[in-house]
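Q: turn this into a structure:
(one chain, ligands or ions: 2)
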Amino acid sequence: MTVPAVLVLAAGEGTRMKSSLPKVLHEAAGEPLLEHVFRAAAPLRGPVGVVVGHGAERVRERYAGRCLFFLQKRRLGSGDAVKSAAAWLKRRGGDVVVLCGDAPLIRPGTLKRLTAVHRREKNAVTLLTARVSDPFGYGRIVRDAVGRPRAIVEHRDATPEQRRIDEINSGMYCFRAKDLRAALKRLRPDNEKKEYYLTDAVAFLADRGRPVGALCLDSEEEVLGVNRRSELAAADKILRRRTLEKLMAAGVTVVDPDSTYVDAGVRVGRDTVLYPQTFLKGRTAVGRGGRIGPFSFLQDCRVGDDAELRAVFAYGSVVGPGARVGPFTHLRPGTRIGAGARVGNFVETKNSRVGPKSKVSHLSYVGDAVLGADVNVGAGAITCNYDGFRKHRTHIGSGAFVGSNANLVAPVRVGRGAIVEAGSTIVRDVPADALALERATEIVKKGWARRKRRELARIKAAE
Ligand code: UD1
Ligand code: MG
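A: Ligands and ions are numbered 1, 2, ... in the order given. Below you'll find the model as predicted:
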């Protein structure tokens, strides 16, 4: 038994999105609509072809190497779109599952069921349909006296009686390729839109006594198409909810699913708690027993077990197990925070390594730096990594202590176990276990403040 080919129709213009981006590249739950369709079709294991038209170049660019592309030169309807892949379908034979690039909510299990029904019943075409409360706008499924699908009638071509049918066409089908090709040759644009409707293939096959079947869903959730931005937001919400349900089933606590935003490709370990207003994006992976949020945004980050990230914005960073970060911390790309380290409030890091158990607790900038283990960076101490022309590196050895408000002017090295006094601007390397101090002489005038206050009081009294 050969696997079915998968053909995704994505040449539509998406006029109602009012966008310069092709509709199928708009993102829901952090990924393009087309990506969700690909994910749903993946278990079918078949080769995937995508019909592109509007914005074809951008779709090709994004998905080069992931699928075959067929160009529909003029947008003459869904039947015409399938025709652009006719040669491929002929070569492959077997079955073809037709999907819509703008219907991202279809589940993999449903497509498996569709192909199973199709094979079991040896159908020429098996329709994926749904019973909905408001069928407005959809093609309606017309069945014969014994309940077999006879035809699909588009909303605008339907009679008032047909419009009362609440079973609608999802726009997804499993065809026997040979029957599909025969039907494609007979499509005519004799409808209100003057388009070649793929849906007319159903009546064509039924008229010729070919077996037509249907898998009818009792909810419309999976067949919802995205045509406008409000539908994009609705799809985003449903996809996100599904991801959270999966995480919760696997042992993750999500305090408030309505305000937690996790992309489909993200992994989270059991017993981790996600607090409200947390965004986990892209390829982020969080270990077990962590506490993330409230108010955290992690893009493409790896977080070890038992880490705590409160109000953290992090991009392309790695946080080791048991580390504590936040609140109000910005981890920029290339940050690696070691096990048990502490990076506190109003700290920004970039392209830097903070060794295990090191502490950068308050108000620091750490850029292009390597900190060993057990380093302590005092409040307000910073690396001066940029001289106005180039970036330079700072090295701080294990066990070193950098006092508050120190400036480490890179390139510079602070040796292991060295101490940099508070307020010093360090421009030369500090050897291991040395003390480095750079300060103006402190002047103390005894009783000066008291005398000043008395003098001011006298002036005030005289006024
Ligand atoms: C289509 C179905 C309708 C079904 C509905 C479900 C037809 C004639 N009607 O209607 O029965 O209820 O989907 O959402 O198919 N496309 C192209 N090239 C074209 C035209 C369309 O690639 O020239 C693609 C679109 O990008 C889309 C799909 O085909 O992915 C369906 O086309 P669309 O115009 O959205 O059809 P609907 O009116 O929604
Ligand atoms: Mg549509």
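Q: ok so Glu348 is a strand residue?
A: Yes: according to DSSP: H, G, I helix; E, B strand; the rest coil, Glu348 belongs to a strand.
Q: test my guess that it contacts Phe328.
A: No: here Glu348 lies out of contact with Phe328, judged by Cβ atoms under 8 Å, at a distance of 10.0 Å. Placement of C-beta: from N, CA and C, glycine included.
Q: neighbour count winner among those two?
A: Each of Glu348 and Phe328 had its neighbours counted (other Cβ atoms under 10 Å), and the higher figure belongs to Glu348 (19 against 13).
Q: what pLDDT does the more buried one get?
A: As predicted, Glu348 sits at a pLDDT of 98.
Q: if I look at it, how far off is Leu217?
A: For Glu348, the distance to Leu217 (Cβ to Cβ, to the nearest Å) stands at 50 Å.
Q: helices along the stretch 151-300 of the chain, start to end?
A: 160-163, 177-186, 200-207, 229-249 (DSSP state H, counting those that start in this stretch).
Q: show me where the stretch 101-250 of the chain has its strands.
A: 125-131, 140-143, 149-153, 167-176, 212-217 (DSSP state E, counting those that start in this stretch).
Q: what strands flank the last one, and is each parallel or antiparallel?
A: With DSSP bridges as the criterion, the sheet partners recorded for strand 212-217 are strand 125-131 (parallel).
Q: quick check, the strand it pairs with touching ligand 1?
A: No: using Cβ under 6 Å from any ligand atom, strand 125-131 never reaches ligand 1; the gap is at least 9.0 Å.
Q: any idea of the pLDDT on the closest residue to Glu348 other than its chain neighbours?
A: Using Cβ to Cβ, 6 or more residues apart in numbering and skipping residues adjacent in sequence, the residue nearest Glu348 is His330, 4.5 Å away. Here, the pLDDT recorded for His330 equals 98.
Q: repeat for Gly12
A: Taking Gly12 on its own, its pLDDT is 86.
Q: for stretch 54-70, give me every contacting residue.
A: Applying Cβ atoms under 8 Å, 6 or more residues apart in numbering, the contact partners of stretch 54-70 are 8, 10-14, 21-25, 32, 34, 38, 47-52, 71, 75, 84-85, 88.
Q: looking at the stretch 301-450 of the chain, what residue ends up closest to ligand 1?
A: Tyr315 (33.7 Å; Cβ to the nearest ligand atom).
Q: leaving aside the residues adjacent along the chain, what's closest to that residue?
A: Among residues not flanking Tyr315 along the chain, Gln299 sits closest, at 4.7 Å (Cβ to Cβ, 6+ apart).
Q: any idea how far ligand 1 is from that neighbour?
A: 30 Å (Cβ to the nearest ligand atom, to the nearest Å).
Q: which strand residues bridge that residue?
A: Lys281, Tyr315.
Q: pretty sure Pro294 contacts Tyr275?
A: Yes: Pro294 lies in contact with Tyr275 (Cβ under 8 Å); the separation is 4.0 Å.
Q: buried among the contacts of stretch 54-70? Make that a ChimeraX selection.
A: To isolate the buried members of the contacts of stretch 54-70 in ChimeraX, using 16 or more other Cβ atoms under 10 Å:
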select :8,10,11,12,14,22,23,24,25,32,34,38,48,49,50,51,52,84,85,88
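Q: related to what we said a few turns ago, and the residue nearest to Glu348, how many neighbours does it have?
A: Using other Cβ under 10 Å: His330 sits among 19 other residues.
Q: rewinding a little: and the contacts of stretch 54-70 near ligand 1, which?
A: Ala10, Ala11, Gly12, Val51, Arg75.
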